[in-house]
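Peer 1: The amino acid sequence is not available; the structure is as follows:
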């Protein structure tokens, strides 16, 4: 997947904001991504504040959101044993962005790695952890500005109320930085553009950053006074709504017949190549390998087609001035 587009113009759909959401049945990725040596970029598709929300902050709660504190690495939480802490982070210092003691007796954490080489002090790897009785389970981890989108907390074991509390901890520190950056005019322009969007209009790069649409995030914004109680934006396009439903675990992902046939052909080619290699049949193994490469279509992985590289990505519609969203901050 290409670099995530941190589009601040995502609409918010309140249709599912009060319903109970069952956890996802599918397994989520738990592998840890090797640290990225590059400085943490300003583009941040995960914790960046949608500009519309900041408009309401400026109008409704201006005294609340100033003076974000410097970031410091946290100590190992007592709920996580030294061995589990080492297995989770390999000695990399972490910052706690949010945490909650859940009804199931476990403590859930939203970590992001502490990065003294970044001007923002954090990134690029974020991790969700569930800890209980000294044991820790990595629920999700990835580059916070690149890669698959993070799942909603309701899909990872928290109740809706608990998930909202976690998101409130995420939103407030980011708002402090947004206000400090004096981006009022840009926020107002973004609001006007969002309000003019027609219902059902597809959102660019929605599948790369659906975070703004999670019901738990919307409810957290309302409770912080960032959105009015009756605030409604145009409905999502059917494709975007389906992707959101899959992330929330209320709809199962399905493949088209063509996708299923392709997956079966890939499995058959791989099995044929392995069998031929074990039998020493180099010709058959090479044929199977070529077929496998053809089916995998490596241009999908490299972003290139033939000898021509893909064109550079244009900035999101609401970010035409080249300004990047503000990265996360923690108390």
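Peer 2: That came through, no problem. Just so it is clear, the structure is predicted and the values come from calculations on it, not from any experiment.
Peer 1: pretty sure residue 95 belongs to a helix, no?
Peer 2: No - secondary structure of residue 95 (DSSP: H, G, I helix; E, B strand; the rest coil): strand, not part of a helix.
Peer 1: could you list every residue that touches it?
Peer 2: Residue 95 sits next to 71, 72, 73, 74, 111, 112, 113, 114, 121, 122, 330 when contact means C-beta atoms under 8 Å, 6 or more residues apart in numbering. For glycine as for every other residue, the C-beta is placed from the backbone atoms N, C-alpha and C.
Peer 1: one more time with 7 Å
Peer 2: 71, 73, 74, 111, 112, 114, 122, 330 (C-beta atoms under 7 Å, 6 or more residues apart in numbering).
Peer 1: what stretches of the stretch 201-331 of the chain score poorly on pLDDT?
Peer 2: Within the stretch 201-331 of the chain, the set of residues satisfying pLDDT under 70 comprises 227-228, 231, 233, 297-331.
Peer 1: where exactly do the helices run in it?
Peer 2: 215-223, 238-248, 257-279, 282-296, 299-302 (DSSP state H, counting those that start in this stretch).
Peer 1: who does the third one touch, helix- and strand-wise?
Peer 2: Meaning helix 257-279. Helix 257-279 sits against helix 282-296, with contacts defined as 3 or more C-beta pairs under 7 Å, 6 or more residues apart in numbering; DSSP states H and E.
Peer 1: can you give me the angle the helix it packs on makes with helix 257-279?
Peer 2: With axes from the mean of the first three to the mean of the last three C-alpha atoms, to 10 degrees as the basis, helix 282-296 and helix 257-279 are set at 160 degrees to each other.
Peer 1: same for helix 282-296, what does it pack against?
Peer 2: Against helix 282-296 (3+ C-beta pairs under 7 Å, 6+ apart) you get helix 257-279.
Peer 1: Run through who's touching the helix it packs on.
Peer 2: 284, 285, 288, 289, 291, 292, 295, 296.
Peer 1: can you list the contacts of residue 95 in JSON lines and add secondary structure?
Peer 2: Below are the contacts of residue 95 laid out as JSON lines (three-state DSSP):
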{"residue": "71", "secondary structure": "coil"}
{"residue": "73", "secondary structure": "coil"}
{"residue": "74", "secondary structure": "coil"}
{"residue": "111", "secondary structure": "strand"}
{"residue": "112", "secondary structure": "strand"}
{"residue": "114", "secondary structure": "strand"}
{"residue": "122", "secondary structure": "strand"}
{"residue": "330", "secondary structure": "coil"}
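Peer 1: before we move on, back to that, tell me which of the helices of the stretch 201-331 of the chain is the most buried.
Peer 2: helix 215-223 (a mean of 22; mean count of other C-beta atoms under 10 Å).
Peer 1: Would you format the helices of the stretch 201-331 of the chain as CSV with distance to residue 153 included?
Peer 2: Below are the helices of the stretch 201-331 of the chain laid out as CSV (distance: least, C-beta to C-beta, whole Å):
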stretch, distance to residue 153
helix 215-223, 6
helix 238-248, 11
helix 257-279, 29
helix 282-296, 34
helix 299-302, 30
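Peer 1: And those: which comes nearest residue 138?
Peer 2: Judged by C-beta to C-beta, the one of the helices of the stretch 201-331 of the chain that comes nearest to residue 138 is helix 238-248, at 18.6 Å.
Peer 1: And for the closest one, what's in contact with it?
Peer 2: 21, 149, 151-152, 154-155, 202-203, 206-207, 210, 213, 236, 251, 253.
Peer 1: Between all of these, which two are separated the most?
Peer 2: Once C-beta to C-beta is applied, the contacts of helix 238-248 give 154 and 202 as the farthest pair, at 24.8 Å.
Peer 1: end to end, how far does stretch 90-106 reach?
Peer 2: End-to-end distance of stretch 90-106 (C-alpha to C-alpha, to the nearest Å): 22 Å.
Peer 1: buried ones in that stretch?
Peer 2: Across stretch 90-106, burial judged by 16 or more other C-beta atoms under 10 Å covers 94, 95, 96, 97, 98, 99, 100, 102, 106.
Peer 1: now swap in stretch 198-208 and tell me
Peer 2: 203, 205, 206, 208.
Peer 1: Near the nearest residue to residue 222 once chain neighbours are set aside, how many other residues are there?
Peer 2: Excluding the flanking residues, the one nearest residue 222 by C-beta to C-beta, 6 or more residues apart in numbering is residue 229, at 6.3 Å. Burial of residue 229 is recorded as 7 neighbouring residues (other C-beta atoms under 10 Å).
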